[in-house]
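Participant: Let me see the structure of the following:
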Amino acid sequence: MTRPRTVPHAAFRTVLLTPVDGPPPSAGVPGATGFEARIHSPAGVRSWLLSTVRPVGPTALRSFVDEHLALDLTAPGAARWRHHADVLHLGRTGPVRARDRLSAVLRAFPGCAVATADNTDGTLFVLTRTGGRLMLRTSPPAPGLVLGSLAHAWLATGGTLTELVALTELLAPAAPAPRPGVRRGA
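Facilitator: Residues are numbered from 1 along each chain as shown. Model (predicted):
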């Protein structure tokens, strides 16, 4: 199988959103709600804390799963599959041209619901087919495809981009250090 044919498989994302008990520690916004967002892809599983201002109550979101294709247009072979992607990432762009470039992507690819780009200062831009816009700086910096996938999942729940206020990577616990004299894989 040639490399370009593997792009759809490599671009497949499953996002699981699960509410987190208590207020998210990094949001800095009164009334914020946290959701653990696990992104499963062929590259592995990464977890993020998505902080939102979605109200809590009897209609609060429970766990939710979203599946979609997310492509980085700067990656080799991505151009061939861009007509099938739900999320497209443009790479780096300046703030002046970002909205125009993202709008052009959404016009050119009617199947795309979310387009993202990185600003040169680390800010991430998101534009949706519904006209929603978001500029978000994450700590640590998140790849544009991550924010695009999380935005897609959030929109699939019926949420809006204006509800998203922060994104923080949840690092997996470190593997225990081997005891002295013990060799792994032996």
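
Participant: what about the strands in this structure?
Facilitator: 12-19, 33-41, 44-52, 64-72, 87-92, 114-118, 123-128, 133-137, 164-170 (DSSP state E).

Participant: Just put these in TSV and tack on mean neighbour count and distance to residue 143.
Facilitator: Using the backbone N, CA and C atoms, a C-beta is placed for each residue, glycine as well. Below are the strands of the chain laid out as TSV (neighbours: other Cβ atoms under 10 Å; distance: least, Cβ to Cβ, whole Å):
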stretch	mean neighbour count	distance to residue 143
strand 12-19	18	12
strand 33-41	20	10
strand 44-52	19	9
strand 64-72	20	8
strand 87-92	21	8
strand 114-118	27	8
strand 123-128	22	9
strand 133-137	15	13
strand 164-170	19	10
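
Participant: What does the pLDDT read for the residue nearest to residue 105 when sequence neighbours are not counted?
Facilitator: Counting by Cβ to Cβ, 6 or more residues apart in numbering, residue 115 is the residue found nearest to residue 105 once chain neighbours are left out, at 4.4 Å. On the pLDDT scale, residue 115 is placed at 96.

Participant: hang on, residue 115 packs against residue 88?
Facilitator: Yes. Using Cβ atoms under 8 Å, residue 115 is in contact with residue 88, at 5.2 Å.

Participant: what comes into contact with stretch 63-73?
Facilitator: 7-8, 11-19, 78-79, 81-82, 84-91, 105, 113, 144-145, 148-149, 152-153, 156-157 (Cβ atoms under 8 Å, 6 or more residues apart in numbering).

Participant: For residue 86, list the residues it contacts.
Facilitator: Residue 86 neighbours (Cβ under 8 Å, 6+ apart): 68, 69, 70, 111, 112, 113, 114, 152.

Participant: Okay, and the beta partners of the nearest residue to it once chain neighbours are set aside?
Facilitator: Excluding its sequence neighbours, the residue lying closest to residue 86 (Cβ to Cβ, 6+ apart) is residue 68, at 3.8 Å. Residue 68 has the following beta-bridge partners by DSSP bridges: residue 13.

Participant: Look up how far residue 171 lies from residue 68.
Facilitator: 25 Å (Cβ to Cβ, to the nearest Å).
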